[in-house]
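Visitor: 3D, please:
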Amino acid sequence: MSAEKRPRIPRGLKQDGAALWSYGFRPFFLGGAVWAVAAMALWIAALAHGLPLGGDFGAPLWHAHEMVFGFAPAVLAGFLLTAIPNWTGSLPVSGRPLMGLVAIWAAGRIAMAGAALTGVPLAALIDAAFLPALLAIAGREIVAGRKWNDLKVLGGCAAVMAGNLGFHAAVLTGGDPQAWLRAAVAGYVLLVLIIGGRIIPSFTRNWLKQQGADRMPVAYDRFDMGVIACSAMALAAWTLAPEARMTIGATLVAAGLNAARLVRWRGLAVRSEGLLLVLHGAYAFVPLGFGALAAAGAGWLLPVSALHVLTVGVIATMMLAVMTRATRGHTGRALTASRWTMAAYGCLFAAALARPLADLTGAMGLMEASGALWIAGFALFIAEHAGMLLRVRRQPRAATA
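Guide: All right, here's what the predicted structure looks like:
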């Protein structure tokens, strides 16, 4: 269906009650950012002062879980609940249903942090409820809107959900949950490949047209489909056998293909607009991340350092980029990055690089610096955007989906 024929629906329709519950991006972006700061601060306290976290999960597994299955799903929920109405022409989830979904997510964070009191089985049960609920809501809206092409986005979400369920099953049965963590990270990276491949060249093309440029990003074609397919196979191989020779080769091929894909999007042409440049910068960590996985498989880099290139450089930075752009756009602000926003981006880029550099150089202070930079990046987002998320409404107007 063409953009002209899609149902025209009012954006920012809900004008009564608290602004926070009028659209999914509001509570989930704010809650995700707050938890990103709080969870990292708790992790640093556990490292520095032995703060007990996660009960029988143990502090390291609690930290890994809360970054992958606590912070990141909140931002994913905020994105999906805001993007799907644009894709399908449906009204956004708001009010009490949105409150209920946020409550399920928040209950999981409390349960995981207090697992020493509730016990691991109950904490796992409470935490595991959120992602199936989100997947059900997202799937229902996409199917109801008959947007079959967008169902592939649910594949990445399902991988994250399966990773969380597998993580808890492994912990409860005394197994190793690391493969399940890798599966979830692979799911997020796959979402970046799919959704990033849609929004980055599209936003770049729109901006370049406004500037009167002649050369545009290359349109989505079979090359992009091939890159996604090869990358998915490389991620699957890394999930199952991170040190296998086949995995090393596959991740190196994926690194080269994604670097070529990024070049086709003309990122340097938008270097004067930070909200666009950060999208290209975050995607640049995709080939870097695949290269880091290859290096880790060959024994040249610690696996945890390679993992941080993906989790911080690709996933968290792309999420912060989407959070800032969507917050500004849906609250009627100009789509341009302030100095504070650029500083937040810089903090996460630096955090992503500091962790592997600590491994390569042996400078242990870089590990602490990476955590501090993470906190600073999301604290800057909260300081600048919390008011927009809590109070600023955009006046309702008709807009194409």
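
Visitor: Please pull out the lowest mean pLDDT helix or strand from this structure.
Guide: Among the helices and strands of the chain, strand 397-399 carries the lowest confidence by mean pLDDT, DSSP states H and E, at a mean of 38.

Visitor: Using PDB, write out every CA atom in stretch 223-239.
Guide: C-alpha atoms of stretch 223-239 as PDB (Å, rounded to 0.1, in the frame of the first residue of the first chain):
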ATOM      1  CA  PHE A 223      23.400  -7.300  -1.900                       C
ATOM      2  CA  ASP A 224      21.800  -6.200   1.300                       C
ATOM      3  CA  MET A 225      19.800  -9.500   1.500                       C
ATOM      4  CA  GLY A 226      23.000 -11.500   1.000                       C
ATOM      5  CA  VAL A 227      24.800  -9.500   3.700                       C
ATOM      6  CA  ILE A 228      22.000 -10.200   6.200                       C
ATOM      7  CA  ALA A 229      21.900 -13.900   5.300                       C
ATOM      8  CA  CYS A 230      25.700 -14.300   5.600                       C
ATOM      9  CA  SER A 231      25.800 -12.300   8.800                       C
ATOM     10  CA  ALA A 232      23.000 -14.500  10.300                       C
ATOM     11  CA  MET A 233      24.900 -17.600   9.500                       C
ATOM     12  CA  ALA A 234      28.100 -16.200  11.000                       C
ATOM     13  CA  LEU A 235      26.100 -15.200  14.200                       C
ATOM     14  CA  ALA A 236      24.600 -18.700  14.400                       C
ATOM     15  CA  ALA A 237      28.100 -20.200  14.100                       C
ATOM     16  CA  TRP A 238      29.400 -17.900  16.800                       C
ATOM     17  CA  THR A 239      26.500 -18.800  19.100                       C
END
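
Visitor: which residues touch that stretch?
Guide: 179, 182-183, 186, 189-190, 193-194, 197, 244, 246-247, 250-251, 253-254, 257-258, 260-261, 264, 286, 290, 293, 297 (Cβ atoms under 8 Å, 6 or more residues apart in numbering). Glycine gets a C-beta too; all of them are placed from N, C-alpha and C.

Visitor: from those, which would you call buried?
Guide: For those, a burial check counting by 16 or more other Cβ atoms under 10 Å picks out 179, 182-183, 186, 189-190, 193-194, 197, 247, 250-251, 253-254, 257-258, 261, 264, 286, 290, 293, 297.

Visitor: Pull the residues that contact stretch 42-57.
Guide: Applying Cβ under 8 Å, 6+ apart, the contact partners of stretch 42-57 are 59, 61-63, 65, 112-120, 123, 171, 368, 371-372.

Visitor: Just the endpoints, please. Distance across it?
Guide: End-to-end span of stretch 42-57 (Cα to Cα, to the nearest Å): 15 Å.

Visitor: Residue 139 is in contact with residue 80, correct?
Guide: No: the pair residue 80 / residue 139 is not scored as a contact, 10.2 Å apart, by Cβ atoms under 8 Å.

Visitor: which of those two has more neighbours?
Guide: residue 80 (27 against 16; other Cβ atoms under 10 Å).

Visitor: show me what contacts the more buried one?
Guide: 24, 134, 138, 153, 157 are the contacts of residue 80 under Cβ under 8 Å, 6+ apart.

Visitor: so it, which of the three states?
Guide: Of the three states, residue 80 takes helix under DSSP: H, G, I helix; E, B strand; the rest coil.

Visitor: In contact with residue 304, which residues are there?
Guide: By Cβ under 8 Å, 6+ apart, the contact set of residue 304 is residue 355.

Visitor: and whatever helix or strand it lives in, what's its mean pLDDT?
Guide: Applying DSSP states H and E as the criterion places residue 304 in helix 303-308. Taken as a whole, helix 303-308 has an average pLDDT of 94.

Visitor: again with stretch 185-192
Guide: The average pLDDT within stretch 185-192 is 94.

Visitor: next one: it to chain centre, how far?
Guide: 8 Å (Cα atoms, centre = their mean, to the nearest Å).

Visitor: Please enumerate residues in contact with that stretch?
Guide: Outside stretch 185-192, the residues that touch it by Cβ under 8 Å, 6+ apart are 68, 72, 76, 153, 155-160, 162-163, 228, 231-232, 235-236, 238-239, 282-283, 286, 289, 307, 310-311, 314-315, 318.

Visitor: 6 Å instead, please
Guide: 156, 159-160, 232, 235, 239, 310, 314-315, 318 (Cβ atoms under 6 Å, 6 or more residues apart in numbering).

Visitor: Please apply the same query to stretch 196-211.
Guide: Residues from elsewhere that reach stretch 196-211 (Cβ under 6 Å, 6+ apart): 216-217, 224, 265, 270, 276, 279, 283.

Visitor: Look at residue 391 and report its pLDDT.
Guide: 86.

Visitor: show me the contacts for it.
Guide: residue 19.

Visitor: where does the stretch 51-200 of the chain dip in pLDDT?
Guide: Applying pLDDT under 70 to the stretch 51-200 of the chain picks out residues 150.

Visitor: Please consider this matter closed, and thank you.
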